[in-house]
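Enquirer: sequence first, then the predicted structure:
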Amino acid sequence: RRFMCIFFFSSRRRHTRYISVTGVQTCALPICSVNVSKPDLNSLWKQAQKYEKEGKPKSALETTGKIFALAKKQKAYDHQVKAITYMLRYKSQFDENPYQQMVDFVKTELKEAETPLGQLFHAVLGDMYLAYYRNNQYVIDGRPVRAGQPGSELTDWDAGQFDKMINREIRSEEHTSELQ
């Protein structure tokens, strides 16, 4: 950690009767001490990896959440996407079905995402839909075909709805890139 001390410098001229003794007397008084150490994204990633190696996915997830928040504040898009990927990875180690929560999280972030990040979030969302489908294909392929738009719960979608949503996200990502 780094600390910064702020000093107040005061000086006054010494008045003496002796001609040979002159000069300026200076005094430095500490006013306050402030911690200026900012969490660095790279150090937070190292901490998350350390937790992962120690078998502490919840701590790694918490640290990755901090990374996402800091990356969002700093507009570090690459770290935001990486954080979402790792959040899903860590969440899947202790949560039976992490996809729904992570899909909801990405959809929420997508609403306020700027152009380059929005494109990436659409691609991430499409990948998440595809991963969920692949992990649960044996169940999904047995579901009856449903008409209309898929609901908000992945557990209710049939294979056709997954196909439609995966393609929609891919097209959304491509359409956004065409606009630039």
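Expert: Received it, and whenever you're ready, just let me know what you need.
Enquirer: for the chain, which segments count as strands?
Expert: With strands called from DSSP state E, the chain shows them at 3-13, 24-35.
Enquirer: E109 and E62, how far apart?
Expert: Using CB to CB, to the nearest Å, E109 is found at 18 Å from E62. In short, each C-beta sits where N, CA and C put it, glycine included.
Enquirer: now do K73: how many residues are near it, please.
Expert: A count of neighbours around K73, defined by other CB atoms under 10 Å, yields 8.
Enquirer: and if you look at F68?
Expert: F68: 22 surrounding residues under other CB under 10 Å.
Enquirer: over to D156?
Expert: Close neighbours of D156, defined as other CB under 10 Å, add up to 11.
Enquirer: so for the closest residue in space to E114 that isn't next to it in sequence, what's the pLDDT?
Expert: Among residues not flanking E114 along the chain, K75 sits closest, at 7.8 Å (CB to CB, 6 or more residues apart in numbering). In this prediction, K75 carries a pLDDT score of 91.
Enquirer: check A48 too.
Expert: 96.
Enquirer: before we move on, what about the one 3 residues further on?
Expert: You'll see Y51 listed with a pLDDT of 97.
Enquirer: which residues of the protein score low on pLDDT?
Expert: Low-confidence segments of the chain (pLDDT under 70): 1-39, 173-180.
Enquirer: if we ignore the residues flanking it in sequence, what's nearest the residue minimising distance to the centre of it?
Expert: For the chain, the residue nearest the mean C-alpha position is F68 (1.1 Å; CA atoms, centre = their mean). In space, and not counting its chain neighbours, F68 is closest to A83: 3.9 Å by CB to CB, 6+ apart.
Enquirer: residues in contact with the one you found?
Expert: Shown in contact with A83 (CB atoms under 8 Å, 6 or more residues apart in numbering): T64, G65, I67, F68, A71.
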